[in-house]
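Peer 1: Give me a model of this one.
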Amino acid sequence: MTTQRDPRELGGAWTEHQRHSFRAPAPELADVIQGYWAAEWDYDTPYQQKIVPLPNVHLTVFDGGVPEVVGVASRHVIRVLEGRGRGVGASFHPGAFRSYLGAPVASITDRIVPATEIPGLPPAPTTIGSIEDLEAWLLTAHVEPDQRGAQARDLVGLIRTEPTLGRVDTLAAATGLTVRQLQRLFAEYVGISPKWLLRRYRLHEVTERLATGTPIDWAALATDLGFADQAHLSRDFADLFGEPPTAYARRYPPPSGQ
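Peer 2: Next comes the predicted model:
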């Protein structure tokens, strides 16, 4: 049985209902915050927004409400957007939120926690309606630099930029750490396993190619990305993104000229 798709999620139609903006952090927070985002939407009927996972903790405020900390998600999540709304958020560098949390970042994986429960965050102002408000609040927090957090951030960057690191034991050999040391470091500072990250960034290459709209040789791509075959690639993609890559491709606009 085929489930009918919401036409607002296909071919880039969602851009007619949403607006997004992004901003880099102030220099004082550049080692902590990867970036800020703001989103606005307007839907007559509820829309299921699919959010794909990345190894970042987020601090979010929607419609001027209560600030919340969103832990790393181990797979895609759905947020229902309805009517007119607005949200702002800060995306923390992998490895950076441990200093605010005071506990392993894995303890908030797949969880949303009120910001009042985070010991490193000061009391929030009454209203946070913009990126500027959010940053002004974060600038009042004082946390000590953490060398192991910086190490975790560097390792995430290595995984993201070095496609030959397809296995955790290969990553261990490249870094001089044991597999167990890597697992502990990532649980403590990133919130997700190195194996998950290796898979996530391989699959990111799939979404990058889908976004271009050019034909894909799926068997060849599976081999290039280190999967046993096309079936394994499709299965892993569906597990993380909620649908196989050929279905996910329908979210993107067709190439120009088509």
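Peer 1: So what's the gap between the helix of greatest length in the chain and the chain middle?
Peer 2: As assigned by DSSP state H, the longest helix anywhere in the chain is helix 194-212. Chain-centre distance of helix 194-212: 12 Å, with C-alpha atoms, centre = their mean, to the nearest Å.
Peer 1: where does P46 fall, phi/psi-wise?
Peer 2: phi -60, psi 140 (degrees, to the nearest 10).
Peer 1: Just list the residues touching it, thanks.
Peer 2: V80, L81, E82 (C-beta atoms under 8 Å, 6 or more residues apart in numbering). Bear in mind the C-beta positions are built from the backbone N, C-alpha and C, glycine included.
Peer 1: can we see that at 6 Å?
Peer 2: P46 makes contact with V80, E82, according to C-beta atoms under 6 Å, 6 or more residues apart in numbering.
Peer 1: thinking again about what came up before, buried sites along the helix or strand that comes right after the longest helix of the chain?
Peer 2: Note on helix 194-212: by DSSP states H and E, the next helix or strand toward the C-terminus is helix 218-224. Within helix 218-224, the residues that count as buried by 16 or more other C-beta atoms under 10 Å are W218, L221, A222.
Peer 1: Show me what Q18 is bridged to.
Peer 2: W41 (DSSP bridges).
Peer 1: just checking, it touches W41?
Peer 2: Yes - with contact defined as C-beta atoms under 6 Å, Q18 counts as touching W41 (4.7 Å).
Peer 1: picking that back up, with respect to A124, which of the buried residues of helix 218-224 is nearest?
Peer 2: L221 (44.9 Å; C-beta to C-beta).
Peer 1: what about the closest one, distance to L121?
Peer 2: Per C-beta to C-beta, to the nearest Å, L221 is found 42 Å from L121.
Peer 1: Can you give the domain ranges for this structure?
Peer 2: 7-145, 148-251 (automatic domain parsing).
Peer 1: Can you give me the first-to-last residue distance of the longest one?
Peer 2: Between the opening and closing residues of domain 7-145 we find a distance of 46 Å, counting by C-alpha to C-alpha, to the nearest Å.
Peer 1: Kindly report the same for stretch 156-168.
Peer 2: 12 Å.
Peer 1: going forward, begin numbering at 37 instead of 1
Peer 2: Yes, from this point I'll number from 37; that puts the last item at stretch 192-204.
Peer 1: which parts of that stretch are buried?
Peer 2: V192, I195, R196, L201, G202, V204.
Peer 1: Where does the spatially most central residue of the chain sit: helix, strand or coil?
Peer 2: Central residue of the chain (C-alpha atoms, centre = their mean): L90, 2.5 Å from the mean position. The three-state label given to L90 by DSSP: H, G, I helix; E, B strand; the rest coil is coil.
Peer 1: and it, how far is that from G227?
Peer 2: 11 Å.
Peer 1: What of A60?
Peer 2: 23 Å.
Peer 1: and if you look at D275?
Peer 2: 18 Å.
Peer 1: Tell me which of these two has more neighbours.
Peer 2: Comparing D275 with G227 by other C-beta atoms under 10 Å, the one with more neighbours is G227, at 29 against 13.
Peer 1: quick one: contacts for the more buried one?
Peer 2: With C-beta under 6 Å, 6+ apart, G227 has these contacts: G107, V108, V141, A142, T145.
Peer 1: Pull out the buried residues from those residues.
Peer 2: Of the contacts of G227, these count as buried by 16+ other C-beta under 10 Å: G107, V108, V141, A142, T145.
Peer 1: Not counting sequence-adjacent ones, nearest residue to the fourth one?
Peer 2: Pointing back at A142 there. A223 (4.3 Å; C-beta to C-beta, 6 or more residues apart in numbering).
Peer 1: My guess is the one you found contacts I144. True?
Peer 2: No - using C-beta under 6 Å, A223 makes no contact with I144, being 11.7 Å away.
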